[in-house]
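K.L.:
Would you be able to build a 3D model of this:
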Amino acid sequence: MFFFFFGTLVLFLSVFYLPHAIDRTLAPRLLALSSLLLVSIVLVFRNQHLFHWDFSIWRRKLFYFWIAFFAVTVFSAFFAKNPMESYLFIVRNMLFVIGLAIAALILFNTSEWEERLSKIYVLTAGVALLIGFVQFFDRVYFSPLEQLDDGRPLIYLVTGLFSHKNFFSSALMLMLPFTAFGIYAFRKKWRIAAIIVSIGILVMILILKTRSIWVGFMAAGFVTVLILLFYSKVFRLGKTWRIVLLSGLFAGVAGVVMLFNLGDASDEFSVAGRMRSIFDTQSQHNVHRLFIWEKSLEIIKDEPVTGVGAGNWMLYIPKYFDRNFEHLEALGWRQPHNDYLWIASEKGVAALVIYIAAFICLLWYSLKVIKNKDDTIGVDSKVLALLLVSGIITFLADSFFSFPYERIDVMVLFMVIASAAIVLYHRTAGKRSFVPKKLIFLPAGILLTVFSAVYSYQSINMERGMGRALVALQQNSWDQMLYHANAAKTPFRSLGPHLYPPEFLEGVAHQNQEHYRRAVASFEKARQQAPYDIRILHLLGSNYRRVEQLDDAYDCFMELMRIYPPSPSITEDIKRLVVDLSAQRQYQQAHDLLTYIPRWEDDAEISRNVQALETLMQREAENQ
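P.N.:
I've put the predicted structure just below:
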């Protein structure tokens with residue numbers, strides 16, 4: 001049971017993906033996790049386990065925090081503008097709770113699990129690093145290209161099968177506590193393997209240049225050294241080791257300061273440039289992020305109790321932009337690159353308090369293990385607890401600048417850290433017996449994991465359909481585009497990875513077939529699901545104009561310009577609408593549209609039209 005569960009959970013899940021999904025890892029790994037937990041629930045509640053295993057660990061308070069967080073997630077969905085987008089977060093948090101419970105139960109009922117689990121992590125990290133270094137040499141080191149088409153450095157192509165280099169860094173960071181424990185606990189060949197893999201993780205994280213992980217390592221290193229110094233007797237560290245640790249702490253701080261002050265910051269993607277950009281509010285890497293954080297705080301201020309609903313931040317945030325983004329690609333943010341703001345804005349402040357409380361509980365568990373003076377736990381377990389603390393601290397820091405909460409594979413790796421911390425603490429604390437009722441837990445577990453599997457499967461099918469519709473778009477095959485867009489629709493999910501629903505692609509196909517009323521109907525359905533998406537607003541407004549619904553077209557373009565300063569193509573469509581409005585003697589609306597365009601005075605054509613409209617409005621007023 002141990003090797004089946006953790007081998008699948010850690011090793012298989014880290015490399016599994018489906019190429020026909022647009023996001024090749026998110027929904028596929030959610031499906032794989034759902035399937036694993038479904039099988040595991042059935043196995044756990046077999047009579048031989050039910051009667052012989054110790055389930056007392058399920059009474060620990062940490063489970064109550066995560067269950068409460070799941071409940072708040074469900075509650076927030078009732079206040080969501082698009083409840084279907086809440087399903088992903090409900091499913092993911094539900095699987096986290098179930099997975100945490102099963103992982104902790106299996107660990108607690110398995111002897112010598114620390115070394116066994118660490119060996120699985122050494123193998124997993126080795127596979128991930130092998131893939132990552134092959135990608136690095138193939139796509140970066142020996143590549144004839146200097147950068148990607150969008151201007152980003154080639155290192156963004158190194159993902160290690162985790163969809164993005166930052167997620168790859170997060171995953172490696174969460175593997176390090178167990179590979180480092182292997183260096184301490186293993187002997188001979190396994191120790192050599194653990195050393196090689198741990199060094200490889202550090203090298204890869206340096207290569208990937210993920211700033212949030214660097215900050216996490218600095219914070220974790222600082223806390224780890226302080227714990228070692230404060231509890232030096234627990235870890236049997238003599239005076240020499242204390243001096244070395246203290247010197248290393250000062251040297252590390254000095255090194256970071258020197259790198260920040262003396263490094264060449266002209267290249268923002270160099271090590272020195274990345275380090276300096278962490279604290280530079282004007283850096284290109286921070287300016288949009290800080291703006292998004294500010295707007296997320298406004299959402300929290302407006303909806304502090306319920307939030308805007310799980311999964312709905314990405315729908316609401318354009319409403320707060322106030323035309324401050326000048327590049328369309330900057331509007332496609334799914335989250336604020338800060339998990340704490342993300343949780344509070346979607347689920348309310350209470351959800352954030354519960355979430356942070358769960359981490360405090362985990363740290364408290366680990367520190368209690370380290371401080372334990374009984375013979376119930378040895379130095380090996382205290383070393384592992386210390387490494388788990390470093391992993392938790394790094395994850396907390398990463399969550400402040402990134403979004404590990406989004407990715408189920410990263411959260412699974414953190415879940416294992418959490419389950420290990422619970423088990424270590426449970427050994428030292430008093431136990432209260434607990435026997436779960438099979439007739440309640442087994443059907444409930446099966447029902448929940450089956451729902452999650454169905455949701456994941458439907459999400460994969462949706463992405464497959466939308467992907468094929470996009471291919472048909474490139475081929476100008478409108479009937480095929482309509483067919484695949486319609487096939488992508490599902491009652492379980494609303495928006496695809498590009499943040500628009502299948503109805504948007506349906507509308508594009510109808511528009512290209514010059515079936516404008518059908519296009520309007522499709523775009524109206526798309527707008528109901530993503531009300532502030534400027535692509536939907538643009539095409540809906542354009543097609544309203546074509547079917548002579550000019551007032552509706554006016555509303556769409558005004559709403560669009562409240563979010564985003566119009567691009568040249570959007571401006572041309574606004575000019576066409578102004579001509580049609582003027583022909584219908586709707587001069588005020590035409591005037592409003594033109595004068596709402598930023599810096600309209602600098603455009604000679606628009607200035608002439610504004611003057612002409614003002615003259616027409618003045619004559620009309622005089623005639624009245």
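
K.L.:
Nearest residue to the middle of the chain?
P.N.:
Glu406 (2.6 Å; CA atoms, centre = their mean).

K.L.:
wait, doesn't that residue sit right on Trp333?
P.N.:
No: contact criterion CB atoms under 8 Å: Glu406 and Trp333 do not qualify, at 11.5 Å. Where C-beta positions appear, they are placed from N, C-alpha and C, glycine not excepted.

K.L.:
as a whole number, average confidence for stretch 41-53?
P.N.:
For stretch 41-53, mean pLDDT rounds to 79.

K.L.:
Spell out which residues sit in contact with the residue nearest to the centre of the chain, please.
P.N.:
Going by CB atoms under 8 Å, 6 or more residues apart in numbering, Glu406 touches Arg334, Gln335.

K.L.:
what's the answer for Asp573, then?
P.N.:
His538, Gly541, Ser542, Arg545, Phe557.

K.L.:
Scan those residues and report the most crowded one.
P.N.:
For the contacts of Asp573, the largest number of neighbours (other CB atoms under 10 Å) sits with Phe557, at 29 neighbours.

K.L.:
picking up where we left off before, please report the distance of the residue nearest to the centre of the chain from Trp313.
P.N.:
11 Å (CB to CB, to the nearest Å).

K.L.:
Are there residues contacting both of these two? Which ones?
P.N.:
Arg334, Gln335.

K.L.:
tally of neighbours for the residue lying closest to Val383 once chain neighbours are set aside?
P.N.:
Closest residue in space to Val383, ignoring its immediate chain neighbours: Tyr184 at 5.5 Å, by CB to CB, 6 or more residues apart in numbering. Neighbours of Tyr184 under the rule other CB under 10 Å: 14.

K.L.:
Could you check how far the residue nearest to the centre of the chain is from Ile299?
P.N.:
When distance is defined by CB to CB, Glu406 is 17 Å away from Ile299.

K.L.:
Can you list the neighbours in contact with the helix or strand encompassing Met617?
P.N.:
Secondary structure assigned from DSSP states H and E places Met617 in helix 604-623. By CB under 8 Å, 6+ apart, the surrounding residues in contact with helix 604-623 are 575, 578, 582, 585, 587-588, 590-591, 594-595, 597, 600-601.

K.L.:
Over to Thr490: give its phi and psi.
P.N.:
phi -150, psi 150 (degrees, to the nearest 10).

K.L.:
Could you pull up the residues touching it?
P.N.:
Contacts of Thr490 (CB under 8 Å, 6+ apart): Gln458, Ser459, Asn461, Met462.

K.L.:
For it, list each beta-bridge partner.
P.N.:
Arg493 (DSSP bridges).

K.L.:
Select the longest helix from the protein.
P.N.:
With secondary structure taken from DSSP state H, the chain has its longest helix at helix 438-474.

K.L.:
And it, what does it pack against?
P.N.:
Secondary-structure packing of helix 438-474 (3 or more CB pairs under 8 Å, 6 or more residues apart in numbering; DSSP states H and E): helix 26-44, helix 87-108, helix 478-487, helix 502-512.

K.L.:
Which of the ones you listed sits closest to Val379?
P.N.:
Of all these, it is helix 87-108 that lies closest to Val379, at 19.1 Å by CB to CB.

K.L.:
So which elements touch that closest one?
P.N.:
Against helix 87-108 (3+ CB pairs under 8 Å, 6+ apart) you get helix 2-6, helix 26-44, helix 61-77, helix 408-428, helix 438-474.

K.L.:
That one: what's the following helix or strand?
P.N.:
That would be, after helix 87-108 and using DSSP H and E, helix 113-136.

K.L.:
Just want the angle from that following helix to helix 87-108.
P.N.:
If you take axes from the mean of the first three to the mean of the last three CA atoms, to 10 degrees, helix 113-136 sits at 130 degrees to helix 87-108.

K.L.:
got the angle between the helix or strand just after helix 113-136 and helix 408-428?
P.N.:
Using DSSP H and E, the helix or strand that follows helix 113-136 in sequence is helix 165-185. Helix 165-185 runs at 30 degrees relative to helix 408-428, counting by the same axes, to 10 degrees.
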